[in-house]
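> Task: produce atomic coordinates for the following.
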Amino acid sequence: MISGVVLAQAPTASWPAHSIRVIIPFGAGSATDLVPRIVFEQLGPQLGQTIVVENRGGAGGTIGTGAVAKADPDGYTLLAHS
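All right, here's what the predicted structure looks like:
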């Protein structure tokens, strides 16, 4: 209890249970590609799962963004955008 507020802890979820896919809607080698790769390279071991980074460039980011929008809404497909 902090200052009269009762804090409750949420039940621990088993996420992530399998690998995570990250889609970058731009070509490989750009700053928009390199920075997320550095971040997710560090995050994978912390989560205990493999993070697969996939570039889907084209149409100003629309192709990759559309792929994420059409993915299963299970929290295992992420978008890294500028």
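> Spatially, what comes nearest to Thr65 if we skip its sequence neighbours?
Pro25 (5.2 Å; C-beta to C-beta, 6 or more residues apart in numbering). All C-beta spots, glycine's among them, are computed from the backbone N, C-alpha and C.
> Quick check: the one you found touching Ala69?
No - the criterion here is C-beta atoms under 8 Å, and Pro25 misses it with Ala69 at 10.9 Å.
> and those two? which has more neighbours close in?
In terms of neighbours (other C-beta atoms under 10 Å), Pro25 is the more surrounded of Pro25 and Ala69; the figures are 25 against 11.
> State the distance from that one to Ala80.
8 Å (C-beta to C-beta, to the nearest Å).
> which residues are in contact with both of those two?
Here Pro25 and Ala80 have no joint contacts, going by C-beta atoms under 8 Å, 6 or more residues apart in numbering.
> quick one on the thing from earlier: which residues are in contact with the residue nearest to Thr65?
Applying C-beta under 8 Å, 6+ apart to Pro25 gives the contacts Arg56, Gly57, Gly58, Gly61, Thr62, Ile63, Gly64, Thr65, Leu79, His81.
> Take those and, keeping just the buried ones, write it as a ChimeraX select command.
The following ChimeraX line selects those of the contacts of Pro25 that are buried, judged by 16 or more other C-beta atoms under 10 Å:
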select :56,57,61,64,65,79
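> Show me which of the contacts of Pro25 is closest to Gly44.
Leu79 (17.0 Å; C-beta to C-beta).
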